[in-house]
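# build me a model from this:
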Amino acid sequence: MPQPPAPAERILVVDDEPEIVALVAYHLRRAGYAVLEADTGEEALETARREHPDLVVLDLMLPGLSGYDVLERLRADPDTRDVAVLMLTARREEPDRIRGLELGADDYLTKPFSFAELVLRVGAILRRARTGGRGDLLAVGPLVIDRAAITVTVDGRPVELTPTEFKLLVTLAERRGRVQGRAHLLETVWEAAPDIQTRTVDMHVQRLRAKLGDAGDLIETVRNFGYRLSATAGRGG
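A predicted model of the protein is given here:
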């Protein structure tokens, strides 16, 4: 008996410009995704809580509740804190992009952007969420990573990570004891385009350490190069 097709991954598109929403939705649907839409921050939060999308394409320049506010509330809510977020911004200044990454965005695009690139970046983020088909566990001190179930525990306590944070942790754990340069991590974890900066790695490592609590000390900083996951505490440099 043939298996039913897998349900389409669902993308929530949030922008107050109807033309942008329509074009983004059109290209995502052509790529096989199911698309939800919202034009305000409040509607975006309500839809995310109700529909549990796989990814949110979030414009930062929203009226009223800004995209930054929405991102912060998504990450603070247990029901939505692990949803992937691709932020759209008309601001090219680095501090604006860094703020979004610090709040937990998985990636960003600067307007105007190519819709083909947007679809590619959505696919890359969702592939991170599906990482882990090998079925084995990675145990590093109190940290246990299940690549098949896509779960992380510290001393038996579940830790909720975004898809990018999970892929970053898996990458470091698989190469435990070896230093991973920022550029290499960008290529491996983010499948990065050349314009993505290494500060992206630093922001995500900072958030990952915070979520792991004491086990975050296993992620060591190697000054002027990158990061290494060690079995002994201490962040180094």
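
# can you name every helix or strand that whichever helix or strand residue 144 is part of contacts?
Residue 144 is part of strand 143-146, with elements assigned from DSSP states H and E. Counting contacts by 3 or more CB pairs under 8 Å, 6 or more residues apart in numbering; DSSP states H and E, strand 143-146 packs against strand 137-140, strand 151-154, helix 163-174. Placement of C-beta: from N, CA and C, glycine included.

# out of these, nearest to residue 77?
Residue 77 lies closest to helix 163-174 among the helices and strands packed on strand 143-146, at 16.4 Å (CB to CB).

# and whichever helix or strand comes after that closest one, which strands flank it?
Downstream of helix 163-174, the first helix or strand assigned by DSSP H and E is strand 180-181. Paired neighbours of strand 180-181 in the sheet (DSSP bridges): strand 226-229 (antiparallel).

# what separates the strand it pairs with from the chain centre, distance-wise?
19 Å (CA atoms, centre = their mean, to the nearest Å).

# how far does stretch 17-36 sit from the chain's center?
20 Å.

# residues of that stretch that come out buried?
Residues of stretch 17-36 classed as buried: 20, 21, 24, 25, 27, 28, 31, 33, 35, 36 (neighbour count, 16 or more other CB atoms under 10 Å).

# before we move on, the earlier item: nearest to residue 102, of the helices and strands packed on strand 143-146?
Nearest to residue 102, of all those, is helix 163-174, at 12.9 Å by CB to CB.

# any idea of the mean pLDDT in the closest one?
Averaged across helix 163-174, the pLDDT comes to 91.

# ok, residue 143 to residue 201 distance?
Here the criterion is CB to CB, to the nearest Å. By it, residue 143 lies 19 Å from residue 201.

# of those two, who's got more company?
residue 201 (24 against 21; other CB atoms under 10 Å).

# tell me how far that one lies from residue 30.
From residue 201 to residue 30 the distance is 32 Å (CB to CB).

# next one: residue 144
Distance, residue 144 to residue 30, by CB to CB: 40 Å.

# repeat for residue 187
Distance from residue 187 to residue 30, by CB to CB: 28 Å.

# ok, residue 164 next?
25 Å.

# what's the answer for residue 122, then?
12 Å.

# which residues does whichever helix or strand residue 50 is part of contact?
Using DSSP H and E, residue 50 falls within helix 41-51. By CB atoms under 8 Å, 6 or more residues apart in numbering, the residues outside helix 41-51 that reach it are 10, 12, 14, 36, 38, 53, 56, 58, 62, 64-67, 69-70, 73-74, 77, 79-80, 83.

# tally of neighbours for residue 12?
Residue 12 is flanked by 23 other residues according to other CB under 10 Å.

# double-check that it belongs to a strand.
Yes: assignment of residue 12 by DSSP: H, G, I helix; E, B strand; the rest coil places it within a strand.

# report the contact partners of it.
Taking CB under 8 Å, 6+ apart, we find residue 12 in contact with 35, 36, 37, 38, 44, 47, 48, 51, 53, 55, 56, 57.

# report the rounded mean pLDDT for stretch 95-114.
Mean per-residue pLDDT for stretch 95-114: 81.

# tell me which residues in it are buried?
For stretch 95-114, the neighbour count (16+ other CB under 10 Å) marks 96-109 as buried.

# tell me which of those fall in strands.
Members of the buried residues of stretch 95-114 lying in strands (criterion: DSSP state E): 107, 108, 109.

# any chance of these in TSV, plus distance to residue 126?
Output for those, formatted as TSV (distance: CB to CB, whole Å):
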residue	distance to residue 126
107	11
108	16
109	15
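
# now stretch 46-63: buried residues?
47, 48, 53, 54, 55, 56, 57, 58, 59, 60, 61, 62.

# looking at those, spot the one nearest residue 219.
Proximity of the buried residues of stretch 46-63 to residue 219 (CB to CB) peaks at residue 55, which lies at 25.5 Å.
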